[in-house]
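Novice: Provided below are the primary sequence and the corresponding predicted coordinates.
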Number of protein chains: 4
Amino acid sequence: MRTVNPDQHEKKRRELLGAALRRFAAEGVQASIASICAEAGVSPGHLYHYFPSKEAILEGIFQLVLDEATAHLSGDVQDARDLPALVADLYGGKGPSLLFDLLAESQRNAAIADRLRRHSAEMKQLLASAIARGQAAGLVDDTLPAAALATMLLAVLDGSKAIRLRDPAVDGGHAREMLLALVSRVLNFTRPAFPSV
Amino acid sequence: MRTVNPDQHEKKRRELLGAALRRFAAEGVQASIASICAEAGVSPGHLYHYFPSKEAILEGIFQLVLDEATAHLSGDVQDARDLPALVADLYGGKGPSLLFDLLAESQRNAAIADRLRRHSAEMKQLLASAIARGQAAGLVDDTLPAAALATMLLAVLDGSKAIRLRDPAVDGGHAREMLLALVSRVLNFTRPAFPSV
Amino acid sequence: MRTVNPDQHEKKRRELLGAALRRFAAEGVQASIASICAEAGVSPGHLYHYFPSKEAILEGIFQLVLDEATAHLSGDVQDARDLPALVADLYGGKGPSLLFDLLAESQRNAAIADRLRRHSAEMKQLLASAIARGQAAGLVDDTLPAAALATMLLAVLDGSKAIRLRDPAVDGGHAREMLLALVSRVLNFTRPAFPSV
Amino acid sequence: MRTVNPDQHEKKRRELLGAALRRFAAEGVQASIASICAEAGVSPGHLYHYFPSKEAILEGIFQLVLDEATAHLSGDVQDARDLPALVADLYGGKGPSLLFDLLAESQRNAAIADRLRRHSAEMKQLLASAIARGQAAGLVDDTLPAAALATMLLAVLDGSKAIRLRDPAVDGGHAREMLLALVSRVLNFTRPAFPSV
DNA sequence: CATGAATGAGCTTTCATTCAT
DNA sequence: CATGAATGAAAGCTCATTCAT
């Protein structure tokens, strides 16, 4: 008669999302429900107690990915001097990223496009206010509005992820340094920068 | 029973690739063979005279996309002053792009990863030599090696494509200007740049 | 741990059958256990305390439907003059009926076929004795045995339910009158009957 | 290059419908696609070259059933004296009939309901004109409009099919005679009729 | 060269049923 | 008594691919 703890339901949901994340990262968005279930050690029927459809799982995954990115940034951007390092840290792990699957999907799926845009707006806001503080302190170029610089930072972040796939030399070691150099150029810091590739 | 003109064969292959490109752009890599055949006005059996498998079609498509990008750049980069405009022109049309599908796929498909890297190396080479000429002429920052700047340009290009999906305001109008501002900053041109967003 | 009042058990069973009846009427015999549980506000596990299987529920439903029909007739058929009106009253409500599902199912399910036949025999008996009384009183045609007329009445009843599905004009308004006309003709009443359709 | 004979396509479609008819008759509308394919000796994928969905197959089947009924009647109803025999011949074979599945389904599926009604209207028309001729010849009761009598005949036909399921004695032997007796009473023939059951 | 009939494995999803709590 | 988590088989349907014509 007692309803089971809804926390447990949520916990299981997270577990399943974790399994799905691993399979999607490994196989792309084509990863089958069966594969996800095997990863999670769960029967196919059971998965549907937690998600109404495969699409819902995918949306959940993308939400997860985006939440993670936001969490990283929203920590504490007290000082504009931390910006380069902070931004560089957004730069994820070694394995395949779902970022490009997300971008690709958002071109064809309006719900996902919308979620991506809301997330990006939030990120931009966070970056822009840190930048504005930096501009006030004379640490950041103020010939451009903070919002414009924030947008450019977002672009540079995605581009840096892409370059790792394009250029194994960058991926090997200089990735972080290249990103820092790019950030500096966007924010108009005049550091010595980036060693030869 | 003479063999048909190989030119005609190649021409038909291109046509089929064009149809496939349209379907892949519209539906993503999940686009079915049947869908491509319908687009091309051809029977499924016939398609297999030109491509041994769906994967081969996908590779052909990605090759096409990459070739197009190269063709754009290799036109004539006589003067380094043309670089910003040229680079900005790489910036494709309005519809969905296959770039992110390509990047996503390259994370899981070694053959495609390889092709992407070879293409990127070629692009980098082209950009680097134009940059080097620009540096010699004193038009481009020479505190960094041309190769490093070329890599950064490639990153910025991909990032600019991504930002259009992230930020509809940018996609609406300022896309090109933002890319130019980014290019300027990478090459250390000191233009007035990018209007407020 | 006393056993719960068996009356209460029976009461709950009826409630569940009621919910099932509504779902089966609305969705046909394909209605899912989950759907029935939702209608009854009960968990699937709980349903199985009352019925060992879906088939048992279906049989219970059909029993219900048949019991209802019998109850109608067995009230009091004192006078044969009441027969037409009584028979016409068997004519159910507006919503979808389970009669045809029952007939269809009885062609493939021996248990249900058997139950249908036993019920029909009972109905026939009830009708036949009323008819016999009518014949004795000179109110009903006695050139045919009462049993034969009873069988014909049963046929006419089912046929009248079918005609409502076949002909929306009849369903709209003349349904009852048409049934009365048919009953009269079977019993050889010579009324003016049925208005033009 | 030559397109395959479309007749062959239609022929195959008929074959598949035949197989489906057998399975639906034997198992009811729950018969699975796999079962139908096994019956037809065809792979599941192939079935979908001929029908877009299971529902389409079901509609095709019902169409078949209805067409057959119409064909029977529309043969030649020259003389109203043939009506009883003709009508009685509509009375199909021994195996399970899809009539009740059709009636049940029509309560929940608008497309099928519509088809059933159009078919019934057509049947009614055919019967009514034969009846009208009978009335003109003084062979049929003319105190009721021909259309009303036709509707009653349709009801009586369905009811007679139902009674075979309700009463095995009728199904055993007297089915045809009972139907004839009912038809006579509807048309007001005054024959000796129906022997005791 | 060109068709489209045909396959069969695999897909996502549904569902009756069981069982620990 | 009552829940809902969990199962696993089977459902309808899709799809890359093959092949006789």
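Specialist: That came in fine, so what should we check first?
Novice: show me what contacts the most centrally placed residue in chain A?
Specialist: Nearest to the mean C-alpha position of chain A, counting by CA atoms, centre = their mean, stands A:A69 at 4.1 Å. Counting by CB atoms under 8 Å, 6 or more residues apart in numbering or on different chains, A:A69 touches A:90, A:119, A:123. C-beta coordinates here come from the backbone N, C-alpha and C atoms, glycine included.
Novice: so can I have a markdown table of these showing distance to chain C, pLDDT and secondary structure?
Specialist: Listed next are the contacts of A:A69 as a markdown table, based on distance: CB to the nearest CB, whole Å; pLDDT from 0 to 100; DSSP: H, G, I helix; E, B strand; the rest coil:
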| residue | distance to chain C | pLDDT | secondary structure |
| --- | --- | --- | --- |
| A:L90 | 44 | 72 | helix |
| A:H119 | 35 | 96 | helix |
| A:M123 | 41 | 93 | helix |
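Novice: neighbour-wise, which one of those residues leads?
Specialist: With neighbours taken as other CB atoms under 10 Å in any protein chain shown, the top of the contacts of A:A69 is A:M123, carrying 23 neighbours.
Novice: so how far is DNA strand F from that residue?
Specialist: A:M123 sits 34 Å away from DNA strand F, going by CB to the nearest atom of the strand, to the nearest Å.
Novice: ok, now A:S53?
Specialist: A:S53 is 13 Å from DNA strand F, by CB to the nearest atom of the strand.
Novice: can you report how many residues lie near that residue?
Specialist: Count around A:S53 with other CB under 10 Å applied: 10.
Novice: what does the helix or strand of chain A with the lowest mean pLDDT rub up against?
Specialist: Using mean pLDDT, DSSP states H and E, the weakest-scoring helix or strand in chain A turns out to be helix A:83-90, at a mean of 78. Helix A:83-90 is contacted by residues A:69, A:72-73, A:75, A:77, A:127, A:130-131, A:134, A:140, A:153, A:157, A:176, A:179-180, A:183-184, A:187, A:189 when judged by CB under 8 Å, 6+ apart.
Novice: state the mean pLDDT of stretch A:144-159.
Specialist: For stretch A:144-159, the mean pLDDT works out to 94.
Novice: can that stretch be found next to chain B?
Specialist: Yes - against chain B, stretch A:144-159 shows contacts by CB under 8 Å from any CB of the partner chain at A:144-145, A:147-148, A:151-152, A:154-159.
Novice: just give me the closest of those to chain D.
Specialist: Of all these, A:D158 has the smallest distance to chain D: 41.2 Å, by CB to the nearest CB.
Novice: what angle do the helix or strand containing the closest one and helix A:83-90 make?
Specialist: Using DSSP states H and E, A:D158 sits in helix A:146-166. Using axes from the mean of the first three to the mean of the last three CA atoms, to 10 degrees, the inter-axis angle of helix A:146-166 relative to helix A:83-90 is 40 degrees.
Novice: quick one: list the elements packing against helix A:146-166.
Specialist: Counting contacts by 3 or more CB pairs under 8 Å, 6 or more residues apart in numbering or on different chains; DSSP states H and E, helix A:146-166 packs against helix A:83-90, helix A:99-106, helix A:110-136, helix A:175-187, helix B:99-106, helix B:110-136, helix B:146-166, helix B:175-187.
Novice: please name every helix or strand in contact with the last one.
Specialist: Identification of packing neighbours for helix B:175-187 by 3+ CB pairs under 8 Å, 6+ apart yields helix A:146-166, helix A:175-187, helix B:83-90, helix B:146-166.
Novice: let's see that with 6 Å instead.
Specialist: Where contact means 3 or more CB pairs under 6 Å, 6 or more residues apart in numbering or on different chains; DSSP states H and E, helix B:175-187 is packed against helix B:83-90, helix B:146-166.
Novice: quick one, domains of chain A?
Specialist: According to automatic domain parsing, chain A comprises the domains A:1-51, A:57-187.
Novice: single out the most deeply packed of the ones you listed.
Specialist: Across those, the average number of neighbours (mean count of other CB atoms under 10 Å in any protein chain shown) peaks for domain A:57-187, which reaches a mean of 19.
Novice: ends of it, how far apart?
Specialist: Start and end residues of domain A:57-187 are separated by 38 Å (CA to CA, to the nearest Å).
Novice: look through chain A and state the residue closest to DNA strand E.
Specialist: Residue nearest to DNA strand E within chain A (CB to the nearest atom of the strand): A:G45, separated by 2.8 Å.
Novice: just for chain A, where's the confidence low?
Specialist: Applying pLDDT under 70 to chain A flags the ranges A:1-4, A:75-78, A:92, A:189-197.
Novice: got the residues of it near chain B?
Specialist: Contact residues, chain A versus chain B (CB under 6 Å from any CB of the partner chain): A:28, A:96, A:100-101, A:103-104, A:106-108, A:120, A:144-145, A:147-148, A:152, A:155-156, A:158-160, A:162-163, A:165-167, A:182, A:185, A:194, A:196-197.
Novice: at 7 Å instead, please
Specialist: By the rule CB under 7 Å from any CB of the partner chain, the part of chain A lying against chain B is A:27-28, A:96, A:100-101, A:103-104, A:106-108, A:116-117, A:120, A:144-145, A:147-148, A:151-152, A:154-156, A:158-160, A:162-163, A:165-168, A:170, A:178, A:182, A:185-186, A:193-194, A:196-197.
Novice: can I get stretch A:123-141 in PDB? Just the C-alpha atoms.
Specialist: Extracted C-alpha coordinates of stretch A:123-141, given in PDB (Å, rounded to 0.1, in the frame of the first residue of the first chain):
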ATOM      1  CA  MET A 123      26.100  29.700 -21.000                       C
ATOM      2  CA  LYS A 124      26.400  33.000 -22.900                       C
ATOM      3  CA  GLN A 125      24.800  34.900 -20.000                       C
ATOM      4  CA  LEU A 126      27.300  33.300 -17.600                       C
ATOM      5  CA  LEU A 127      30.200  34.100 -19.700                       C
ATOM      6  CA  ALA A 128      29.100  37.600 -20.600                       C
ATOM      7  CA  SER A 129      28.700  38.700 -17.000                       C
ATOM      8  CA  ALA A 130      32.200  37.400 -16.100                       C
ATOM      9  CA  ILE A 131      33.500  39.200 -19.200                       C
ATOM     10  CA  ALA A 132      31.700  42.400 -18.200                       C
ATOM     11  CA  ARG A 133      33.400  42.300 -14.900                       C
ATOM     12  CA  GLY A 134      36.700  41.800 -16.600                       C
ATOM     13  CA  GLN A 135      36.000  44.800 -18.800                       C
ATOM     14  CA  ALA A 136      35.200  47.000 -15.900                       C
ATOM     15  CA  ALA A 137      38.400  45.900 -14.200                       C
ATOM     16  CA  GLY A 138      40.400  46.700 -17.400                       C
ATOM     17  CA  LEU A 139      41.400  43.100 -17.900                       C
ATOM     18  CA  VAL A 140      39.400  42.500 -21.000                       C
ATOM     19  CA  ASP A 141      39.000  44.300 -24.300                       C
END
